[in-house]
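Asks: Attaching a predicted model along with its sequence, questions to come.
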Amino acid sequence: MAKKKKDTKGKDKEKARAKAREKELKALAKASMSKAAKGKAEKTKGKDKDRAKAKAKDLVKAARKADSKAKDSAAPRISKKPWGQDGKALDGVRILDFTHVQSGPTCTQLLAWFGADVIKVERPGSGDITRGQLQDIPGVDSLYFTMLNHNKRSITLDSKSKEGMKVLERLVKTCDVLVENFAPGALDRMGLTWERIHAWNPRMIVASVKGFGPGPYEDCKVYENVAQCAGGAASTTGFLDGPPLVTGAQIGDSGTGLHLALGIVCALYQRNRTGRGQRVLASMQDGVLNLCRVKLRDQQRLAHGPLKEYTQYGQGIPFGEATPRAGNDSGGGQPGVILKCKGWETDPNAYIYFITQAPVWDKICDLIGEPEWKTHPDYAKPPARLPRLKQIFERIEQWTMTKTKFEVMNECNALDIPVGPILSMKELAEEQSLRETGTVVEVDHPTRGKYLSVGNPIKLSDSISEVKRSPLLGEHTDEILAKVLKFTPREIAEIKASGATGEAAKGEAPKVETPKAQAAE
Ligand code: CAO
């Protein structure tokens with residue numbers, strides 16, 4: 001009898017738990033639905049709502065499946081907290097940030113967004129060279145600096161002084177990762193060789209951006225456009241009859257910073273197993289070449305005949321020995337060009353990228369008013385269209401020029417025809433949905449005031465990614481010496497008296513651009 005009562009009680013408890021969980025899942029679905037629906041433009045509301053509904057349903061289905069799998073094990077359940085608010089992914093990881101300019105700071109900013117404690121070590125008086133570069137407001141940290149150094153703390157330190165090295169040693173012993181992008185050999189010249197760092201802290205990961213990997217150019221200093229040229233991007237960008245071109249996307253600097261961040265996270269993961277730190281190297285040439293992978297693909301395809309999807313093939317222009325500049329041709333092989341839209345005469349961005357993807361060819365023909373092209377032997381099949389692409393796109397352009405780029409996008413999207421409006425920076429800055437996802441954020445800065453920045457483009461469902469303003473020069477020197485490195489007040493006084501932390505007035509950005517700063521990117 002007693003046992004039966006106990007069983008019933010247990011069952012009741014289980015029922016209550018199941019009921020509570022069901023409630024949780026419904027709330028989860030509701031939250032994700034309203035989030036998805038909220039972030040979309042008015043005009044596409046209906047379709048997005050349906051998509052959000054389906055997504056929410058899938059979410060609940062997946063959660064139920066995970067729950068039933070987890071029932072008999074200790075496996076964790078899907079977080080009950082709202083999107084992105086269940087702690088920080090890299091909580092507990094401390095970074096000694098010895099980076100400057102763009103490539104290194106991009107990497108450490110990403111790690112800081114994921115929750116790492118990033119301590120930026122800067123030269124007293126001047127700090128990161130970008131603080132004073134391209135200044136729009138005299139005496140105020142430039143947007144170049146503020147937009148690459150969010151969520152970090154700043155300590156000023158002369159790493160070449162005796163006292164400075166004492167502080168650096170303590171930092172190495174306290175941190176998990178040292179990230180640097182000095183010129184080749186600079187870290188060694190400072191006395192921070194890999195062997196010394198490893199002896200001080202065998203768990204320390206030392207991550208570097210360099211222009212080139214080992215080889216004939218390993219000693220070169222490298223900037224963004226040098227990397228774009230040396231990594232194969234410039235020779236394959238631009239039009240056939242023009243010079244090589246660099247692209248506005250900072251694939252050399254920010255691209256390599258991204259590669260380095262992945263290397264660091266992998267090294268941290270491996271350290272869990274081995275207990276040992278390791279060196280991580282991301283060269284800018286390698287990073288750019290990695291992003292130009294499809295161009296090396298085409299280089300090898302050339303040995304077997306012309307690249308038929310390139311516009312030049314249709315124009316009868318012979319191919320040379322190397323992958324040519326492809327204009328606006330797509331790397332995926334689907335014919336695509338940039339076409340004028342309504343207003344192109346006065347608006348430099350009234351254009352749209354239009355792809356004549358084979359599976360939607362019939363829909364394109366109907367849309368532009370050429371239904372007979374669906375069955376005509378000169379147009380019906382992709383190989384027949386290749387030599388006629390110029391004429392085909394001219395016809396499509398007659399249609400796009402009658403509409404704005406957003407009208408073209410709406411009409412094409414409804415038919416699953418892939419198109420891309422050419423969005424200006426102004427349009428992106430004003431785009432509400434990007435504000436709502438935190439991809440474009442407004443940040444307040446004590447000396448600059450409010451400004452726009454690009455937030456974390458990588459979204460984790462459990463990890464918060466709030467964007468905090470960049471530090472003023474040396475803003476956290478005292479705090480780091482005392483609270484992180486645990487120097488006594490007397491030791492701090494000695495360090496300061498030696499001049500190792502400098503005498504720069506806190507928060508003041510350098511006013512004069514040095515010739516070196518102007519040369520840097
Ligand atoms: N205290 C004392 N000295 C410091 C210091 C500090 N806190 N921080 C840096 N320094 C010193 C370095 O030790 C170095 O001294 P030595 O030349 O005597 O060894 C010196 O400052 C200059 O460092 P640097 O050579 O890295 O800087 P640079 O302006 O001459 O070159 C750059 C800049 C970017 C070309 C070079 O650092 C480089 O090639 N980096 C690797 C590639 C890279 O990241 N490029 C991307 C740049 S973004 O476009």
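Replies: Thanks, I have it. Numbering: from 1, shown residues only.
Asks: Please count neighbours and contacts with C-alpha atoms only from this point.
Replies: Fine.
Asks: Now do the contacts for the one residue in the stretch 351-500 of the chain that gets nearest to the ligand.
Replies: With Cα to the nearest ligand atom as the measure, residue 500 is the residue of the stretch 351-500 of the chain nearest to the ligand, at 8.7 Å. Contact criterion Cα atoms under 8 Å, 6 or more residues apart in numbering gives 124, 157-159, 161-164 as the residues in contact with residue 500.
Asks: is it fair to say it lies in a helix?
Replies: No: read with DSSP: H, G, I helix; E, B strand; the rest coil, residue 500 is coil and lies in no helix.
Asks: got a list of what residue 172 touches?
Replies: Going by Cα under 8 Å, 6+ apart, residue 172 touches 96, 178, 197, 200-201, 204.
Asks: Now, these that are in strands?
Replies: Residues from those lying in strands, with DSSP state E as the criterion: 96, 178.
Asks: Any of the contacts of residue 172 buried? List them.
Replies: When neighbours are counted using 16 or more other Cα atoms under 10 Å, these contain these buried positions: 96, 178, 197, 201, 204.
Asks: So which of the residues you listed is the closest to the ligand?
Replies: For the ligand, the nearest member of the buried ones among the contacts of residue 172 is residue 96. The distance, counting by Cα to the nearest ligand atom, is 11.9 Å.
Asks: and that closest one, bridged to which residues?
Replies: Beta-bridge partners recorded for residue 96 (DSSP bridges): residue 119, residue 178.
Asks: same for the strand or helix carrying residue 450, what does it pack against?
Replies: Assessed by DSSP states H and E, residue 450 sits inside strand 449-454. Here strand 449-454 touches strand 440-445, going by 3 or more Cα pairs under 8 Å, 6 or more residues apart in numbering; DSSP states H and E.
Asks: what angle do the strand it packs on and strand 449-454 make?
Replies: Between strand 440-445 and strand 449-454, the angle comes out at 150 degrees (axes from the mean of the first three to the mean of the last three Cα atoms, to 10 degrees).
Asks: Return the residues in contact with residue 99.
Replies: If you count contacts by Cα under 8 Å, 6+ apart, residue 99 has them with 105, 120-121, 128, 179-182.
Asks: switch to 6 Å and redo it
Replies: Under the criterion of Cα atoms under 6 Å, 6 or more residues apart in numbering, the contact list for residue 99 reads 105, 180-181.
Asks: By neighbours, which of those wins?
Replies: Using other Cα atoms under 10 Å as the neighbour definition, these reach their maximum at residue 105, which records 28 neighbours.
Asks: And that one, how far from residue 361?
Replies: 45 Å (Cα to Cα, to the nearest Å).
Asks: Over to residue 99?
Replies: As defined by Cα to Cα, residue 99 lies at a distance of 50 Å from residue 361.
Asks: Spell out which residues of the stretch 251-400 of the chain are next to the ligand.
Replies: When proximity is defined as Cα under 6 Å from any ligand atom, the stretch 251-400 of the chain approaches the ligand at residue 253.
Asks: Which single residue in the stretch 251-400 of the chain comes nearest to the ligand?
Replies: Here the stretch 251-400 of the chain gets closest to the ligand at one residue, residue 253, 5.5 Å apart by Cα to the nearest ligand atom.
Asks: I'd guessed that residue sits against residue 222; true?
Replies: No: at 9.6 Å, residue 253 does not count as touching residue 222 under the criterion of Cα atoms under 6 Å.
Asks: and these two? which has more neighbours close in?
Replies: The residue with the greater number of neighbours, taking residue 253 and residue 222 and applying other Cα under 10 Å, is residue 253; the counts read 29 against 23.
Asks: I'd assumed residue 376 was in contact with residue 365.
Replies: No: at 11.0 Å, residue 365 does not count as touching residue 376 under the criterion of Cα under 6 Å.
Asks: who has more neighbours, those two?
Replies: Shown here are residue 365 and residue 376; by other Cα under 10 Å, residue 365 has more neighbours (18 against 11).
Asks: so what's that one closest to, chain neighbours aside?
Replies: Taking Cα to Cα, 6 or more residues apart in numbering, and ignoring the residues beside it in sequence, residue 365 has residue 371 as its nearest neighbour in space, at 5.0 Å.
Asks: State the distance from that neighbour to residue 358.
Replies: Distance, residue 371 to residue 358, using Cα to Cα: 15 Å.
Asks: Let me know the secondary structure of the closest residue to residue 360 other than its chain neighbours.
Replies: Leaving aside its sequence neighbours, residue 360 sits nearest to residue 417 (Cα to Cα, 6+ apart; 6.2 Å). Using three-state DSSP, the secondary structure recorded for residue 417 is coil.
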